[in-house]
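J.: Turn this into a structure:
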Amino acid sequence: MAVAYSIIFAISLLFPCIHLISGQKKQSSPWLFVLYLCVCVVNLGYLLLSLAKTVEFALDANKIAYLGQVFIVLCMFKIISGLCGYEQKKWVTYLLIGFAILMYSMVLTTGHFDWYYKSVTLTFVDGAAKLIKEYGVLHPLYTVHVVLYFIAMIATIFHSMKTRKVDSHKLAGLMLGVVFGNIGMWVVEKFVSWNFEFLSVSYLMSELVFFFIFWMLQDYVPASESQSVIIIASDLSHAEKLEKILKTLPEGTHLSQRQTEVLECIIDGKSRKEIAAELHISENTVKMHTSALYRLLNVSGRNEIYALLK
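T.: Purely as a prediction, here's the structure:
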C-alpha cells in the first residue's frame, strides 16, 4: 500500500515541475499551479499516514492531507470560473480563502478536542496504517463546504453554456467530467469502506484533465498572439477574403459556424479580447477556436492567415 502511495506522490510531483519548465504558467491560471501543489500535499499526507506507527503520527499525516484537500475544491472552482469567463472580485477570493482556512482550523482541533473527530484508533491493513474515525459535531461542516463548491462549479459551467460564454462542448464536457468524477469518487469514499484512498487517484486524473485543457487552449504557436501582426493590404471585400481563405481548407473539411465567426474577426484584425466581447464568449473559448483554426488552415498564426490574402 505504501508503495502505491509513493508512486502516486511521485507522479503528483511531476505536474508542478512540468508546469514550471514548459512555460504553461504563461498561458494558464495561477490557480492551476496551486492545485498541483495541493495535490502533492494531499498525496504526501496519504503516504505518511500509510507509514504511521503511532496514532499521533497518523493524525499529523491526516492533517497534512486535509491541508491540501481543503484548498483543492477552491482551486478547482477558481480554475473553472476562469475557463468559463467569470472573474470574482479580489475581496470574494480573499473571503473564500478565509473560509478554507477556517475549515482547516477545525481539522487542527483533532487530538485536542472531540469536535471534529470524537475518537480515532489506528489499525493496519496489508502493512499500511489506517485511521478508524468516529466523527464529531464539526465534521458535517466540511461536508457542506465540499458540496457547496461542487454545486458552484456545476452551476458556473451550465450558466456559461446557457449564456454561450463557453460554446465549446468539448471544453464544457471536460470540466463537467472533472467535477462529476470527483463527486462520484468522493461519494463512494464516504459510503464505501476501502483500504485505499482512491481520491488520490481522482485528484491526479483531475490534474491531467486540467493540464490537457490548458494545453488545448494554447495557440498553435503560443507566441504568435504576442508578435506584431502584419495585415496584408488587399482590395478584396470581406466576403471575398473569407472565401479565399476557406478555399485553402483540405477537401472535405468545413468550419463550424463559431469558427467561421472567429475567422471573420481575425480577418478584421480584431484582438482576442475584442473577439470575445463581440461574440459574447470567454477569451479561453476564443483561444480554443483559434487553435482549431490554425490546425485546420495549417498555419502557425495570424500573419500566415493574412498572407493567404496576397
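J.: When you work out contacts or count neighbours from here on, use the C-alpha atoms and nothing else.
T.: Will do.
J.: Residue 57 belongs to a strand?
T.: No. Assessed with DSSP: H, G, I helix; E, B strand; the rest coil, residue 57 is helix; it does not lie in a strand.
J.: does it really touch residue 49, like I thought?
T.: Yes. Counting by CA atoms under 8 Å, residue 57 does reach residue 49; the two are 7.5 Å apart.
J.: more neighbours, those two?
T.: More neighbours surround residue 49 than the other of residue 57 and residue 49, with 27 against 14 (other CA atoms under 10 Å).
J.: That one and residue 90, how far apart?
T.: 36 Å (CA to CA, to the nearest Å).
J.: same check, this time on residue 57
T.: Counting by CA to CA, the gap from residue 57 to residue 90 is 37 Å.
J.: again with residue 244
T.: 46 Å.
J.: Over to residue 97?
T.: 11 Å.
J.: and the two? which has more neighbours close in?
T.: Ranked by neighbour count (other CA under 10 Å), residue 97 and residue 90 place residue 97 first, with 16 against 9.
J.: And the helix or strand hosting that one, what's buried?
T.: Using DSSP states H and E, the element containing residue 97 is helix 90-107. Neighbour-count burial for helix 90-107, with 16 or more other CA atoms under 10 Å as criterion, is recorded at 97, 99, 100, 103, 104, 106, 107.
J.: Can you give me the pLDDT of the fifth one?
T.: The reference is to residue 104. Predicted confidence (pLDDT) for residue 104: 96.
J.: now do the second one
T.: pLDDT, residue 99: 96.
J.: do the same with residue 222
T.: 44.
J.: The one 4 residues further on too?
T.: At residue 226 the predicted local confidence, pLDDT, stands at 46.
J.: sorry, back to before: from the buried residues of helix 90-107, which is closest to residue 297?
T.: residue 97 (43.8 Å; CA to CA).
J.: All the strands of the stretch 1-150 of the chain, residue numbers only.
T.: Per DSSP state E, counting those that start in this stretch, the stretch 1-150 of the chain carries strands over the ranges 117-125, 128-135.
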